[in-house]
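**Q** Whatever this is, show me its structure:
(one chain, ligands or ions: 3)
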Amino acid sequence: MAAEGSSSTGTLKVDEEEFFGAESGWVEGRTTCDHLPSLCSDLSQIPLPDSPCTRCHHPAENWLCLSCKDVFCSRFINKHMVNHHRETGHCLALSFSDLSVWCFNCDAYLDVQMIRQLRPVYEVAHLLKFGERPSFRTLEM
Ligand SMILES: [Zn+2]
Ligand SMILES: [Zn+2]
Ligand SMILES: [Zn+2]
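**A** Numbers count the residues shown, from 1 in each chain. Ligands and ions are numbered 1, 2, ... in the order given. Next comes the predicted model:
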């Protein structure tokens, strides 16, 4: 029989804390971004999360430009969001696949819960995609 359990030796899983709070789908992002003034002033009405790319009509997992509210496909499909950014300078985009927000100018994900200006559109997108409002971490007060 194996000696398992009969000795106290073994590797402790010290790495576990690294994963603390890393719920599936949660993307750690920047809490600041200098490009928020380019956000569309009315993000209370946005296209549905299953809207096709306006250029190639790719049907799903597209990006919403947060400056002009057009929908484009990802860099893994036909790169229309990337092209749109290059053509227009619009740099903030919300992913309809996981509702994360990417800033092309920061070249980073943004923390939609910590950045006040992004919370309303995240909330609307969450409502459209899941039929309910997101549960924000408590950060008031
Ligand atoms: Zn930025
Ligand atoms: Zn496309
Ligand atoms: Zn745009």
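**Q** CA atoms for contacts and neighbours, from now on please.
**A** Fine.
**Q** Give me the phi and psi angles of the most centrally placed residue in the chain.
**A** Geometric centre of the chain, nearest residue: Ser100, 0.4 Å, by C-alpha atoms, centre = their mean. Main-chain torsions, Ser100, degrees, to the nearest 10: phi -80, psi 160.
**Q** next one: the one 4 residues further on
**A** With angles defined as degrees, to the nearest 10, Phe104 shows backbone torsions of phi -70, psi -30.
**Q** Just the CA atoms from stretch 97-109 would do, formatted as CSV, please.
**A** Coordinates of each C-alpha in stretch 97-109 appear next as CSV, following Å, rounded to 0.1, in the frame of the first residue of the first chain:
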residue,chain,number,x,y,z
SER,A,97,-18.1,38.2,-24.9
ASP,A,98,-17.0,39.0,-21.3
LEU,A,99,-18.0,42.7,-20.9
SER,A,100,-14.4,43.7,-20.3
VAL,A,101,-13.3,47.1,-21.5
TRP,A,102,-10.1,47.5,-23.5
CYS,A,103,-8.3,50.8,-24.1
PHE,A,104,-6.2,50.7,-27.2
ASN,A,105,-4.2,53.7,-26.2
CYS,A,106,-3.4,52.4,-22.7
ASP,A,107,-3.0,48.9,-24.3
ALA,A,108,-4.7,47.5,-21.3
TYR,A,109,-8.0,46.3,-19.8
